[in-house]
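Chemist: got a predicted model here, sequence first, then my questions.
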Amino acid sequence: MQFDTKIAIVIRTDLEAWQKLNVAAFLISGIAAAFPECIGEPYEDASGTKYHALIGQPILIYGADGPALTRALDRALTRSVKPAVYTQDMFATTHDAANREAVRAVARPDLNLVGLAVRAERKVIDKIVDGLKFHS
């Protein structure tokens, strides 16, 4: 099945494994919150056990260094695509309000990005992540 939209996450490749997983989880929650229509129906197994609904389309995960992340952010904003972002400073916080303050304290050109997530039309996402490779 081909979707009209794509979801892409870009994560800085020099992070520890636990940090990459943490960043991916936080970022995809931003996409789910912004686009509730991308959530599918709840799951149920053959025994009748019910499970939460998931995002109903593939999520592509790319790796990048710091400059490539900044470039992807700039490309997204230039195309009027609002991203979810995660910065290095957010690793030192302990709650959501502190995360927002950590981002608010830094001008966009100085953000120390470790990840971003975007959802938009397929061709737009292709332009945002152009030149990036899937995370390995």
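Modeler: Yes, it's here. Keep in mind that what you see is a predicted model, and the values were worked out from it rather than measured.
Chemist: dead centre of the protein: give me the residue that sits there.
Modeler: With distances taken as C-alpha atoms, centre = their mean, the residue of the chain nearest its centroid is residue 117 (2.3 Å).
Chemist: now do the helix or strand residue 97 falls within: everything it contacts.
Modeler: Using DSSP states H and E, the element containing residue 97 is helix 96-104. Contacts with helix 96-104, where a contact means C-beta atoms under 8 Å, 6 or more residues apart in numbering, come from 85, 87, 89-90, 92-93, 111. Where you see a C-beta, it was placed from the backbone N, CA and C, and this is true even at glycine.
Chemist: residues of it that come out buried?
Modeler: Along helix 96-104, these residues count as buried under the neighbour rule (16 or more other C-beta atoms under 10 Å): 99, 102.
Chemist: skip ahead from it and say which helix or strand is next.
Modeler: strand 113-121.
Chemist: the nearest residue to residue 131 once chain neighbours are set aside: neighbour count?
Modeler: Counting by C-beta to C-beta, 6 or more residues apart in numbering, residue 68 is the residue found nearest to residue 131 once chain neighbours are left out, at 7.4 Å. Around residue 68 there are 19 other residues, counting by other C-beta atoms under 10 Å.
Chemist: tell me which element residue 68 is part of?
Modeler: Per DSSP H and E: helix 66-78 holds residue 68.
Chemist: give me the angle between that helix and strand 113-121.
Modeler: 30 degrees (axes from the mean of the first three to the mean of the last three C-alpha atoms, to 10 degrees).
Chemist: list the helices and strands the next helix or strand after helix 66-78 packs on?
Modeler: Per DSSP H and E, helix 66-78 leads on to strand 84-87 as the next helix or strand towards the C-terminus. Counting by 3 or more C-beta pairs under 8 Å, 6 or more residues apart in numbering; DSSP states H and E, the packing neighbours recorded for strand 84-87 are helix 17-34, helix 96-104, strand 113-121.
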